[in-house]
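Undergrad: Could you work out the structure for the sequence below:
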Amino acid sequence: MESVSYKQGVLPQKIRWLAIATGLVTAGALLSSYWPLSVLSILLIFAGIVQPRSPQLGRLVLSVVAPLMSVWVIPVGFVMLWETLTGEPGRHDLLFLAISSS
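TA: Coordinates of the predicted model:
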């Protein structure tokens, strides 16, 4: 049996909360390094909030913004993890610590 919300195109609440939480964390990390990319995080938060009220718009924004953020955030995350594990000098930089903790 399919739920009524699935038939209407509304994503499950856990997925929407995950999008909002991801947007908040990446907004904090990206705002301190390169602020234009934090606009993508704001759009991700917007999509998670608006998706139950406007399912098509919410899905469209999520399906565009999430891959765009992944293209930038995942490689940067691996580089920062590598620098942390190898003991590069960046681990004493407050900006580096704030971004790597988020």
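Undergrad: can you pull the buried residues of stretch 37-56?
TA: 37, 38, 40, 41, 42, 43, 44, 45, 46, 47, 48, 51 (16 or more other Cβ atoms under 10 Å). To be clear about C-beta, it is placed using only N, CA and C from the backbone, and glycine gets the same treatment.
Undergrad: so after the one helix or strand the second one maps to, what's the next helix or strand?
TA: In the assignment (DSSP states H and E), residue 38 maps to helix 35-50. Sequence-wise, the next helix or strand downstream of helix 35-50 (DSSP H and E) is helix 55-86.
Undergrad: tell me the mean pLDDT for that following helix?
TA: The pLDDT scores in helix 55-86 average 84.
Undergrad: And that helix, how far out from the chain middle?
TA: Relative to its chain's centre, helix 55-86 lies at 6 Å (Cα atoms, centre = their mean, to the nearest Å).
Undergrad: Tell me what angle that helix forms with helix 35-50.
TA: Put simply, helix 55-86 runs at 130 degrees to helix 35-50, going by axes from the mean of the first three to the mean of the last three Cα atoms, to 10 degrees.
Undergrad: I'd like to know which elements helix 55-86 is packed against.
TA: The contact analysis (3 or more Cβ pairs under 8 Å, 6 or more residues apart in numbering; DSSP states H and E) places helix 55-86 against helix 13-33, helix 35-50, helix 94-101.
Undergrad: Residue 57: neighbouring residues, count only.
TA: Neighbour count for residue 57, taken as other Cβ atoms under 10 Å: 13.
Undergrad: Then residue 81?
TA: 11.
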